[in-house]
Every structure is written in C-alpha cells, then in structure tokens.
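K.L.:
got a structure for you, letters missing:
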C-alpha cells in the first residue's frame with residue numbers, strides 16, 4: 001500500500017513527499033530530478049514554466065520498480081522527470097484518473113495482491129477499492145465512457161473479457177458492465193478522451209498482428225454495447241512500437257494525442273486530429289532513446 005502527500009504536480013520546482021504505509025510499497029521523500037544524460041533523452045525534454053491547466057502527466061515505471069512523473073509542457077513535450085519512489089514492481093497493473101479536487105487531481109490506481117488501491121493526488125491515505133482485481137491483466141483509464149460524471153476504468157480479464165467500471169466521486173465504482181469478449185487478441189489498450197470528435201471517450205487498441213484501431217465510445221452503459229464498431233487507423237508501422245499510451249491532450253489543442261516507444265527506445269508523439277478516419281499524424285520525436293528502460297507507461 002502507498003500514500004502520496006501533496007505531490008507538487010504542475011509546478012516548475014519543489015520537493016515531493018510521500019509516506020511509506022507498509023513494507024509492500026516503500027516510498028521515500030525525494031527531490032525533482034532530471035533524466036540521466038543518454039537515458040531518457042534529456043536534451044529533448046523541456047522544463048515546465050508553470051501551471052499546465054488540465055493537461056495530464058505521463059507516468060513511467062522502470063524495470064527496478066521505480067515510478068517517474070513526466071509533467072506536460074502544453075506544447076507537446078515534457079518537463080524533467082520527477083522521482084515518485086520505488087517499490088512499484090509489486091503492482092501488476094496501474095492507471096491514473098482525474099477524480100479528486102473536482103476533477104483536477106491526478107489520482108493513482110494500483111492492483112496489488114488481488115486488490116485495487118486508490119490514492120488521491122493530495123490525499124492522506126490509500127484506500128482499498130475492492131478485491132478480485134487480480135483477475136485483470138490490464139487496467140486503463142479512458143475517461144468518461146458511459147455518461148457518468150467521473151472517469152471510468154476498463155479492466156481486461158485473463159480470459160479475454162473486457163469490463164467497464166464506471167467511476168464515482170470517491171474513487172470507487174458502480175457494478176461492472178461487460179464491454180465484450182476476445183480482447184486477449186490485443187497487446188495494447190489505451191485512450192484518454194475523444195479521438196473521433198463526437199464528444200464521447202474512445203478506446204485505442206492494437207492487435208497482436210500490429211493493426212491499430214479505435215473503438216468509439218457509444219456513451220451507453222449497456223452490456224456489450226459500450227463501444228461501437230472498430231475503426232482501423234491507417235498505417236502499417238504500428239507493430240514497430242513496443243508501447244503505445246495516451247495521457248490525453250499533450251499539445252494543448254483540445255484533442256487527445258498518442259505516444260509510442262519504438263524498438264530503439266525513442267519516444268514519438270502522434271498528434272490527434274479528431275478525425276475518425278485519420279485520427280493521428282506524426283508530430284515530434286520527444287526523445288531519441290532510453291524509453292525501453294520502462295516496462296509500464298500510463
């Protein structure tokens with residue numbers, strides 16, 4: 001279990017304090033640090049000048065179980081990374097969502113020992129949301145998919161079934177709703193907003209054969225009708241990315257974007273267009289190498 005105290009997200013400088021609640025997740029007080037030269041492309045990451053509004057950070061867990069926070073600059077880049085501490089190797093799945101502080105807080109979910117834990121950005125405790133979450137091999141926050149006020153979580157079962165958990169104001173969820181079956185045929189699931197321009201949150205998925213698709217949200221909380229027919233994203237090079245993730249709008253134009261890590265470890269930003277038939281365009285390479293040192297991006 002873990003607890004964050006007053007994390008200085010969206011500030012140009014400061015010290016982050018965290019509390020070690022149990023030996024499972026041992027966090028320590030650390031200072032804001034920059035990426036090591038040659039490790040995560042330090043010359044290509046920009047330092048934030050101040051508040052970045054509703055933009056969301058990118059969290060990255062390295063292979064030693066340490067969690068890093070990359071704050072967005074609002075122009076497509078990220079500020080120097082912040083060390084959020086170690087011990088996260090024990091988490092089998094993690095996600096972020098904006099729930100606390102009237103939807104402006106960057107909150108954290110983690111699956112540990114079959115339980116889902118929730119920590120608000122400036123909360124003083126970590127709470128157990130529920131048990132049985134070890135049945136999922138992946139959780140992802142894609143925003144509000146089915147019409148409630150708060151962001152939802154999707155969880156993919158090891159049997160390939162995908163489930164929607166509609167969010168509540170306290171970080172808990174309504175009873176789950178099945179999205180569909182056969183999702184073990186996807187090796188990447190992500191999304192953080194509306195990629196098709198219809199005002200509803202969508203899901204981005206890549207098949208094990210390398211086909212990237214958008215599953216448009218229907219806005220319905222009906223079993224097996226949460227997403228509509230898939231839209232294939234043009235291009236054949238999506239299989240070349242070892243990781244794909246969206247944390248929403250990186251560029252500040254109101255449209256969610258997509259980030260990809262290629263096999264060489266470069267971080268690529270694909271700008272969202274809001275057009276369902278051509279939702280992404282290559283925009284910028286944010287780092288030349290080093291991003292394969294992370295085994296989870298969210």
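P.N.:
Noted; the coordinates are in hand. Small disclaimer: the values here were computed from a predicted structure and weren't measured. Residues are numbered from 1 along each chain as shown.

K.L.:
helix or strand for residue 284, which one?
P.N.:
Assessed by DSSP states H and E, residue 284 sits inside strand 280-287.

K.L.:
which elements pack onto that strand?
P.N.:
strand 267-272 (3 or more C-beta pairs under 8 Å, 6 or more residues apart in numbering; DSSP states H and E). (Glycine included, C-beta is placed from N, CA and C.)

K.L.:
quick one: average pLDDT of the strand it packs on?
P.N.:
Strand 267-272 carries an average pLDDT of 97.

K.L.:
now do the strands in the stretch 151-298 of the chain.
P.N.:
162-167, 177-180, 186-190, 203-207, 212-215, 231-232, 241-245, 258-262, 267-272, 280-287, 294-297 (DSSP state E, counting those that start in this stretch).

K.L.:
so which bits of the longest one are buried?
P.N.:
By neighbour count, with 16 or more other C-beta atoms under 10 Å as the criterion, the buried positions of strand 280-287 are 280, 283, 286, 287.

K.L.:
quick one: strands adjacent to that strand?
P.N.:
strand 267-272 (antiparallel) (DSSP bridges).

K.L.:
one more: the last one?
P.N.:
Each strand pairing with strand 294-297, determined using DSSP bridges, is listed with its direction: strand 58-62 (antiparallel).

K.L.:
the partner strand vs strand 258-262, what angle?
P.N.:
30 degrees (axes from the mean of the first three to the mean of the last three C-alpha atoms, to 10 degrees).

K.L.:
pLDDT wise, what is the closest residue in space to residue 179 that isn't next to it in sequence at?
P.N.:
Counting by C-beta to C-beta, 6 or more residues apart in numbering, residue 162 is the residue found nearest to residue 179 once chain neighbours are left out, at 4.0 Å. Looking at residue 162, its pLDDT stands at 98.

K.L.:
right, and residue 162 touches residue 178 too?
P.N.:
Yes - using C-beta atoms under 8 Å, residue 162 is in contact with residue 178, at 7.3 Å.

K.L.:
so which of the two has more stuff around it?
P.N.:
residue 162 (26 against 15; other C-beta atoms under 10 Å).

K.L.:
show me the contacts for the more buried one.
P.N.:
Going by C-beta atoms under 8 Å, 6 or more residues apart in numbering, residue 162 touches 154, 155, 156, 178, 179, 180, 181, 183, 189.
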